[in-house]
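Asker: structural data only, the sequence is not supplied:
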């Protein structure tokens with residue numbers, strides 16, 4: 001059974017940075033595409049970024065391009081989301097997720113391709 005544990009959220013000021021981490025266990029990490037999603041209060045969960053199993057394919061939502069960077073360390077079974085120049089509209093619960101099929105990636109990402117989710121970490125950005 002896959003387990004995903006996010007960390008690194010918090011409350012910051014606009015313009016600050018945060019780095020989210022997601023520790024993965026339960027199956028072979030380096031064969032699965034990973035993604036970061038976020039859900040703001042009263043809104044649907046949206047994909048923020050996606051990285052393929054060896055990092056060869058990376059995708060970002062337009063709203064975070066140039067500010068967020070997704071990366072992964074397959075030796076540590078961890079995926080990261082570096083968030084710079086944070087804005088109040090980035091306030092949300094952030095979730096990491098893992099694809100259901102190995103060695104597979106769809107661009108742009110489709111939520112239904114992800115079958116495992118973390119519990120989420122809150123990011124709050126104040127102006």
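Answerer: Structure's in. What do you need? Predicted, not measured: the structure shown is a model, and the values here were computed from it.

Asker: what's the pLDDT at the residue sitting nearest the centre point of the chain?
Answerer: Nearest to the mean C-alpha position of the chain, counting by C-alpha atoms, centre = their mean, stands residue 36 at 1.8 Å. Residue 36 carries a pLDDT value of 98.

Asker: contacts only, for it.
Answerer: With contact taken as C-beta atoms under 8 Å, 6 or more residues apart in numbering, residue 36 is in contact with 20, 22, 47-50, 70, 79, 81, 94-97. Using the backbone N, CA and C atoms, a C-beta is placed for each residue, glycine as well.

Asker: now swap in residue 70 and tell me
Answerer: By C-beta under 8 Å, 6+ apart, residue 70 lies in contact with 34, 36, 49-51, 58, 60, 79-82.

Asker: what subset of the residues you listed is buried?
Answerer: In terms of neighbour count (16 or more other C-beta atoms under 10 Å), the buried residues within these are 34, 36, 49-51, 60, 79-81.

Asker: follow-up on the earlier one: just the ones in strands from the contacts of residue 70, please.
Answerer: Secondary structure assignment (DSSP state E) places 34, 36, 49-51, 58, 60, 79-82 from the contacts of residue 70 within strands.
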